[in-house]
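Student: How does the following fold in three dimensions:
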Amino acid sequence: MPGITPTTHSLHQRLRADTAELHRLSERAVAVDAVETVDAYIRLLEGYHGLYARLEPAIAARLPEIDADAGGRAHRKLSWLRADLRHFGLADADLQRLPLLPHPAWLGGGAEALGAAYVLEGATLGGSVVARVFGDRFGLVPRAGLRFFHGYGAQTRSRWKTFLAFLETRARDEDVHAAVIGGAERTFEEFIRWFGVRKP
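Tutor: This next block holds a predicted model:
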């Protein structure tokens, strides 16, 4: 965004500003509000599974210190998704057959991975609101079908703040900022493309 530099705005502020439109479009593509049946909810979980099964391992490979320095458990959402899908009767063989996002070759290094992690951690923060909706709508609880959206539970907001501190520590100059923002933008674009053809 013109006029914004690391000396006047935090990286988090830049990310929010520069990805605002893509964030809005990704929420429209995911279409949580359209999930009105259990079958549609399962398809939503399958869609997230296809993304996270590719993105989480790629982020972990390029940014292995994130688990220790960003509050821990930063790469367990995939296991949460699989727990939810098993709750609805999917066996391990079924999980293996679910469609996956193409391999994210665009995720070049640690800075791009940090941008991708920003999107996934932000989705966890937003998921806590969605969890209440789906819990009421489908009679779900975290241990039975709602583990993914429940996220870190009561610690979700504090873990988000810990992640943001990690984000600022890891990215201190303009070149790194640009790569982080690019990684976040590409991740939002992947959400838009992936869910755009996987409507609930």
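Student: Which is the succeeding secondary structure element to the helix or strand containing residue 122?
Tutor: Residue 122 is located in helix 110-138, with elements delineated by DSSP states H and E. Using DSSP H and E, the helix or strand that follows helix 110-138 towards the C-terminus is helix 147-150.
Student: before we move on, the earlier item: in the helix holding residue 122, what's buried?
Tutor: By 16 or more other C-beta atoms under 10 Å, the buried positions in helix 110-138 come out as 110-128, 130-131, 134-135. Backbone N, C-alpha and C define where each C-beta goes, glycine included.
Student: same check, this time on stretch 26-36
Tutor: 26, 27, 29, 30, 31, 32, 35.
Student: quick one: low-confidence ranges for the protein?
Tutor: 1-9, 67-75, 197-200 (pLDDT under 70).
Student: Please enumerate the helices of it.
Tutor: 11-18, 20-30, 38-62, 66-69, 77-87, 92-97, 110-138, 147-150, 156-170, 174-196 (DSSP state H).
Student: Tell me which of those lies nearest to residue 104.
Tutor: For the helices of the chain, the distance to residue 104 is smallest for helix 38-62, at 5.1 Å, taking C-beta to C-beta.
Student: got a list of what the residue nearest the centre of the chain touches?
Tutor: For the chain, the residue nearest the mean C-alpha position is residue 120 (2.1 Å; C-alpha atoms, centre = their mean). The contact partners of residue 120, by C-beta atoms under 8 Å, 6 or more residues apart in numbering, come to 52, 55, 56, 59, 77, 187.
Student: ditto for residue 189
Tutor: residue 22.
Student: got it, and the one 5 residues further on?
Tutor: Residue 194 sits next to 29, 47, 50, 51, 101 when contact means C-beta under 8 Å, 6+ apart.
Student: May I see the contacts of residue 120 arranged in a markdown table, with neighbour count as well?
Tutor: Conversion of those to a markdown table gives the following (neighbours: other C-beta atoms under 10 Å):
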| residue | neighbour count |
| --- | --- |
| 52 | 23 |
| 55 | 24 |
| 56 | 20 |
| 59 | 26 |
| 77 | 23 |
| 187 | 29 |
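Student: now, the most widely separated pair of these?
Tutor: Among the contacts of residue 120, 77 and 187 lie farthest apart (C-beta to C-beta), at 13.5 Å.
Student: Put together CSV for the buried residues of stretch 26-36, with distance to residue 147 on each row.
Tutor: Formatted as CSV, the buried residues of stretch 26-36 follow (distance: C-beta to C-beta, whole Å):
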residue, distance to residue 147
26, 22
27, 21
29, 23
30, 18
31, 21
32, 17
35, 16
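Student: List just the nearest of the residues you listed to residue 63.
Tutor: Nearest to residue 63 among the buried residues of stretch 26-36: residue 26, at 21.3 Å, using C-beta to C-beta.
Student: Who's the closest spatial neighbour of the closest one, skipping the chain neighbours?
Tutor: residue 191 (4.1 Å; C-beta to C-beta, 6 or more residues apart in numbering).
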